[in-house]
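Asks: show me the folded form of this:
(chains A, B, C, D and E)
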Amino acid sequence: MSRKISFNCPVQAGDEDRYRIQMGPQHPATHGVLRVDLDLDGEIIRKCNPHVGYLHRGFEKLAEHRTYVQNLVLTDRLDYMAAMANNVGYCEAVEKLLAIEVPQRSRYLRTMVCEMARLASHLLWLATHALDIGAMTVFLYCFREREELLEIFAELCGSRLTNTYTRLGGVRQDVTHSIMMKLEKFVDSFPSNLEEYETLIDTNRIWLKRTIDVGTVGADEAVGLCLTGASLRGSGVDYDIRKHFPYAAYDFMDFEVPLGETGDTYARYRCRIEEMLQSNSILRQCIERMPPGPIIGDDAPDLIMPNKPGRKVEVDVPAQQSLIKLVEDRETFMEGDVYVATEVPKGELGFYFVSDGNGTPYRMHIRSPSFLHISALKTMAKGSMLADLIAIIGTLDVVLGECDR
Amino acid sequence: MESTGIIPRLEVSYPDDVLHSYQYCGQDVVLTRKKHILDICSFIRDQCAMNHLMFLCAVDNSRRKEAIGKNEYERFEVVYQFYSMTTKHSIRIRAQVPDDDCSIESITSLWPGADCLERECFDLMGIHFSSHPDLRRILMPEDWKGHPLRKEYPLRGIGEWAGYETLKEKSLELRTFDYRSSQKGNE
Amino acid sequence: MQILILLIQIAILVAVVLLHVAYATYFERKIIGHMQVRMGPMLVGWHGLLQPIADGIKSFFKEDIIPDQADKSLFLAAPIICLAAMMVSLSVLPFAKGWALADINVGLLFIFAMSSLASYGIILAGWASNSKYTLLGGIRSMAQVISYEIAIGLSLVGVMMLSGTLNLSQIVEAQGNSFFGMFIISQPVAFFVFFIAMLAETNRVPFDLPEAETELVSGYITEYSGMRYAMFFMAEYIGMFVMASIGVVCFLGGWYGPFAVPLFPPIWFILKVYFIMFLFIWIRATLPRYRYDQLMAIGWKLLIPLSLGNIFITGLAMTLAQ
Amino acid sequence: MKIQYKPKRDLLETIIHLEILQGLALTLKKLFSKPITREYPGEMPPVYPGFRGQHALVRDPVSGTSKCIACLRCSQACPARCIRVKYHIDESNGSRIVDNYEIEALRCVYCGYCVEVCPVNAVTMTDIFEYSSTDRQSLHFDKERLLENWDHFTKSDSYERQSYVNPLWRPRGFPKSRLTASSRESVPKNRKIEKQFTGTKLGIKKNNKEAGGYNNLYPTHGEKNAH
Amino acid sequence: MGQLNENDLVKIKDGVSFIPGASALVGPLNRIINWGRAGSIWPVTFGLACCAIEMMVAGSSTNDLDRFGIIFRASPRQADCLILAGTITKKMAPVIRRVYDQMPEPRYVLAMGSCACSGGLFDTYAVVQGGDNFLPVDVYIPGCPPRPEALIEGLITLQKKINQEQGRWSQLV
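Replies: Numbers count the residues shown, from 1 in each chain, chains lettered A, B, ... in the order given. Predicted coordinates for the structure are as follows:
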């Protein structure tokens, strides 16, 4: 019978008893299009080699050909689980580069939507993580809450997922009373709903067995692997950009950064659950302290960039062809480079801009947490079992759109 | 962020390598030569307690206004941003990499997490990282031609990737087995 | 003449069971749906009642793919082995007094034999598909069946000792008509072991490793399409039915109920079977999945010692009672 | 803040599988609760004004055609470059006359920039999101199709309900000076003006007076916000 | 095919044709099969990018695709329908084609969202400008991403399309 078995990968010397398996890009547990090549010894992973790039869309190149305002639309598609947080991160970076002032009210609004995005993203993470480990009911319960948030997004800015809510120098729309009432209702009911999910998994012996001592990373190792976000804090490293480089209105918020100790999957799970509760309390503070005032600054650029002074748009009219040619006015923006990081649900999302004074960035580099998390998979998965790999991919909370850019 | 005092220390320790330093938007930036970049990085990590590598990327300077005509700029540069979680200081190193010798030392021995970032730089910008354990393309397919983030590379790419061409041929060939086309042929 | 009657009986049984299987999937989707605060099938037929039929029609008219690299004969045989073995074990189940196709003396052993045979189908499917995921699924299934077959057998030894027979009808008779005669009262540990092992035998959550969707795509059935996939599906649900029936026969007093129903005696049996199947579904909606080595550890380190201890205590109690 | 773990279960809880029984009880409870499912083809989801759905060109009740003046701002602002405007210049008065206005709906990313930059409120995004098609060509909207979309939308419920003023035309909370065209449609008189939402526990109460100018900037939409 | 081609031979494939009188049998059978297929469309669990999240939402409690008899299957062998939910990159395209090739007939393709339909925002070197370059797409769903209800509407469009099919089963049986 063995005559018919033909492995695609050539077997190297010493590897004859290894079982090579290629997980993904189409696999239910890879959260999109991650591909992991595994060398198995029975069920134990001897070598794990993640392959990314199946969703590489050329973000950074494309950004060089679009104006700063248009690039905002791109950032929605980075980490599509928390598009709002990406919007805010991008705007904070560009505002620093172009020295644009943001009014206080829109800072609060940004904080609010950031935390809503964090909740939405963490709920999705909990859902998929639980589904990966086999608890499919948690998956659907989490989506119930997430839907409420998405409906609030839809009412706020007209789109559920790719929000494009922020604007350079402010935000796009003001909130209404009905949105805030909905949000308040959500904030009130959220902790008890979270309790519900926890009944199903938190103390469940199967869940504990599947998560404790799985994918353990020590604190120093985690820093060396450039992990950020809850994946780092699960190992006990106190690094949260909301505290280290406060942006938006995080300066005015009282919240704590939950830290784990053991650095295993369960610690990261607890960290994120606590983070959700903290986000909930930040949301409540936002609702209570929302200041009045304008939502967009006076020096905010127009949607059609480059905008001032005296925007010049030439229209090339060979009347028969009627093609539109936009001659961009080489208005002087700041020249220089700047790196601004924000804390998105996945970790540290940074934008590095090099500007040469045009309306388009000269170079935009996106420091995406998922990319570095996936590179850590190699180290974390070694020696664990096949089923653990699924748990580790889940706990790292990777999203391929952000990873591959 | 106030001045951290790291730049003077760097200038003292590596006088030949530090080209220029400045502060922009409150961020410290140092331009260096590429030769001793590994030493500089380990100095920064060990002496200045900058344990967190925030990002690593490459920039193509060829069309950059400020770079044109200044001889301290080379064609490429590799940018490192470091941060200290204890002292809350950060510093950015811009190591200049010339076009004709497009390689720089890898810092994976210091930060294992830099592995993927350096592969990305190699993939998109074509910078070689010597002593990198496994320098392959990471985002683009293995047999992709060119390095997309270089400035001369057009947005829509040059030519078509061979793998996609074969796919298109294959799909044309398989179309004959398709329900719809077999219907059309008979009508 | 007798043969003809037997054939008609078989035909009725098979038809009823197949219909039952179809609707078991419907009820599973409906119940899990409502547990997850959604609705389940709604639009194909009234409240989705025709859903299983639509699924069946679709599967029947689907292209049947046999992978190029597969071992064709085994690939074709595997679902048939699986389904046939499961169906044969239906023949010894006593649905009511005298309502068994074959009331043989070694009914319990026969069922074990057949369910082991069905696992051959799974292993062959995993092997013959010549795919890595199916092979892993097959291996997992093999290991799982071997370990839990022992546990399930040992857990029923106590029942056999109390009833003194392997004939299923006589086991029911031994429990008698009263509630307290049920072996679940006298053998709770055995029932616990049996129930967990039953979940593992039928590859249900939390032991659905051979077809763990997020790990092995679809496990051993990854390469099967159309009707052959449906056959595995049916085999799995018939397996559930058979296992639930054994549970009812051995622990829950078979066809006896609080009062006798005149026209349709198997009603209590069927209700009890449905209760156990509801438990299956309920657990599926609630629990995560074990890891492979943990599953093995439970089987060998917990269930088998427990059931051995149970045998010992049962024997001791019986000796003392004499 | 160190995270707190729940206490470990004791022996008795282990034996009776307490936490698993709790989980089972929860799912059983949910079995008898009402499903939250929205039965979509019969029951529509809530769509709020300003939803970024199907594109349309507003049909001017006076002229019976589009209001577009071919300023091309929309196609400049479009990040996906999916808007094509063809026009010619009227020799008599030098104004631009639109020949065709095309939106490639399959390339559009529904960011709403075109609506926001339009100086005459000509292009808009409606609440309609159900327009899947089996062929590609029917989703390449030209001028006629876009006007038809508007007619279709004006007949729908959501238009009737809120007598449409797209918040993207006039984003809530935007000062008038920042609007692309100050000559935008004025708010209908029967519309309630809602005060800007502010928190209850403000530490900076005195600023309220100065910011009062922003309070009455934006209209509410429909009776939803009335209470 | 009962109604349409009553009087001439119905050609299914080269050399295979139906006798006219058989249409009385074929017509209802055709309808039953189409009903079965339309009532149980099983898509592959295959998300590419943003739209996959909305696809998950469509499957979750609020919209519940299970009402239509739609359940996600992980293995393409058991699936009927491929939902292209997200951006198709050139690196991914061969994989998608492979998944499609692994699916048994009859199989359908839905392009969900701008990126899958035409490349959308990403007119770059790495992105395929529309899934129909290498796959026969049946239904296009615009939106970026489409609301989950829009996906359901797309699936309803697909059901209508399936119900209009004639004799697609005869080549298989």
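Asks: okay but residue C:135 is in contact with residue C:127, surely?
Replies: Yes. Applying C-beta atoms under 8 Å, one finds residue C:135 in contact with residue C:127, separated by 6.4 Å. From N, CA and C alone the C-beta is placed, and that goes for glycine too.
Asks: quick check: the closest residue to residue C:240 other than its chain neighbours vs residue E:121, distance?
Replies: With C-beta to C-beta, 6 or more residues apart in numbering or on different chains as the measure, residue C:202 is the residue that lies nearest to residue C:240, at 5.0 Å, once sequence neighbours are left out. Taking C-beta to C-beta, to the nearest Å as the criterion, residue C:202 is separated from residue E:121 by 48 Å.
Asks: out of these two, which sits in the more crowded spot?
Replies: When residue C:202 and residue E:121 are compared for neighbours, residue E:121 comes out ahead with 29 against 22, by other C-beta atoms under 10 Å in any protein chain shown.
Asks: hmm, residue E:115 and that one touching each other?
Replies: Yes. Contact criterion C-beta under 8 Å: residue E:121 and residue E:115 qualify, at 7.3 Å.
Asks: what sits against residue A:290?
Replies: Residue A:290 makes contact with A:105, A:108, A:109, A:112, A:175, A:180, D:197, D:198, D:199, D:202, according to C-beta atoms under 8 Å, 6 or more residues apart in numbering or on different chains.
Asks: hmm, back to that, what is in contact with residue E:121 and residue E:115 at once?
Replies: Counting by C-beta under 8 Å, 6+ apart, the common neighbours of residue E:121 and residue E:115 are residue E:144.
Asks: assign residue 47 to helix, strand or coil.
Replies: Answering for chain A, as no chain was given. strand (DSSP: H, G, I helix; E, B strand; the rest coil).
Asks: run through the bridge partners of it.
Replies: Beta-bridge partners for residue A:47, by DSSP bridges, are residue A:39.
Asks: who's in contact with it?
Replies: Shown in contact with residue A:47 (C-beta under 8 Å, 6+ apart): A:18, A:37, A:38, A:39, A:382.
Asks: same question for residue C:252.
Replies: Shown in contact with residue C:252 (C-beta under 8 Å, 6+ apart): C:182, C:184, C:272, C:276.
Asks: can we see that at 6 Å?
Replies: Residues near residue C:252 by C-beta atoms under 6 Å, 6 or more residues apart in numbering or on different chains: C:182, C:272.
Asks: swap in the one 3 residues further on?
Replies: Taking C-beta under 6 Å, 6+ apart, we find residue C:255 in contact with C:96, C:266, C:268, C:269.
Asks: tell me how far it lies from chain D.
Replies: Here the distance between residue C:255 and chain D works out to 27 Å (C-beta to the nearest C-beta, to the nearest Å).
Asks: how about residue C:59?
Replies: Using C-beta to the nearest C-beta, residue C:59 is found at 25 Å from chain D.
Asks: element containing the residue nearest to that residue when sequence neighbours are not counted?
Replies: Distance criterion C-beta to C-beta, 6+ apart; nearest residue to residue C:59, sequence neighbours excluded, is residue C:230 at 4.2 Å. In this structure, residue C:230 is located in helix C:226-251 according to DSSP states H and E.
Asks: next one: residue D:121
Replies: No secondary structure element spans residue D:121, as it lies outside all helices and strands (assigned by DSSP H and E).
Asks: hmm, it is touching residue D:169, no?
Replies: Yes. If you go by C-beta atoms under 6 Å, residue D:121 and residue D:169 touch, sitting 5.1 Å apart.
Asks: chain center to stretch B:162-176, what's the gap?
Replies: 34 Å (C-alpha atoms, centre = their mean, to the nearest Å).
Asks: what does the stretch 1-150 of chain A put close to chain E?
Replies: Along the stretch 1-150 of chain A, the residues adjacent to chain E under the rule C-beta under 6 Å from any C-beta of the partner chain are A:25-26, A:28, A:32-33, A:53-58, A:61-62, A:77, A:80, A:140, A:143-144, A:147.
Asks: and the residues you listed, which are buried?
Replies: Members of those that pass the buried threshold by neighbour count (16 or more other C-beta atoms under 10 Å in any protein chain shown) are listed as A:25-26, A:28, A:32-33, A:53-58, A:61-62, A:77, A:80, A:140, A:143-144, A:147.
Asks: contact partners of stretch C:49-58?
Replies: Residues external to stretch C:49-58 that are found in contact with it (C-beta under 6 Å, 6+ apart): C:22, C:25, C:26, C:41, C:44, E:36, E:37, E:39, E:40, E:69.
Asks: backbone dihedrals for the fifth one, please?
Replies: Per-residue torsions, residue C:44: phi -90, psi 100 (degrees, to the nearest 10).
Asks: was I right about it contacting residue E:69?
Replies: Yes. Under the contact definition of C-beta under 6 Å, residue C:44 touches residue E:69, with a separation of 5.0 Å.
Asks: residues that sit against both of those two, list them.
Replies: Taking C-beta under 6 Å, 6+ apart as the contact rule, the neighbours common to residue C:44 and residue E:69 are C:51, E:39.
Asks: only the buried residues of stretch C:271-284, if you could.
Replies: Buried residues in stretch C:271-284, counting neighbours by 16+ other C-beta under 10 Å, are found at C:272, C:273, C:274, C:276, C:277, C:279, C:280, C:281, C:282, C:283, C:284.
Asks: quick check: residues of chain E near chain A?
Replies: Chain E has residues E:45-47, E:49-50, E:53, E:60-62, E:74, E:87, E:89, E:91-92, E:95, E:99, E:122, E:124-127, E:144-145 near chain A, with proximity defined as C-beta under 6 Å from any C-beta.
Asks: SS state for residue B:77?
Replies: strand.
Asks: any idea what it is bridged to?
Replies: Each beta-bridge partner of residue B:77 is listed here, defined by DSSP bridges: residue B:59, residue B:96.
Asks: tally of neighbours for it?
Replies: 25.
Asks: write out the residues of the stretch 51-200 of chain A neighbouring chain D.
Replies: Proximity of the stretch 51-200 of chain A to chain D is confined to A:66, A:70, A:73, A:154-155, A:158-159, A:164, A:172-178, A:180, A:199-200 under the rule C-beta under 6 Å from any C-beta.
Asks: same deal with chain E?
Replies: Residues of chain E lying close to chain D (C-beta under 6 Å from any C-beta) are E:61-62, E:64, E:114, E:117-118, E:120-121, E:139-142, E:144, E:147, E:149-150, E:152-154, E:157, E:161.
Asks: just the buried ones among those residues, please.
Replies: Neighbour-count burial within these applies to E:61-62, E:64, E:114, E:117-118, E:120-121, E:139-142, E:144, E:147, E:149-150, E:152-154, E:157; the criterion is 16+ other C-beta under 10 Å.
Asks: doesn't residue E:123 make contact with residue A:62?
Replies: No. Between residue A:62 and residue E:123 there is no contact, the gap being 7.7 Å when judged by C-beta under 6 Å.
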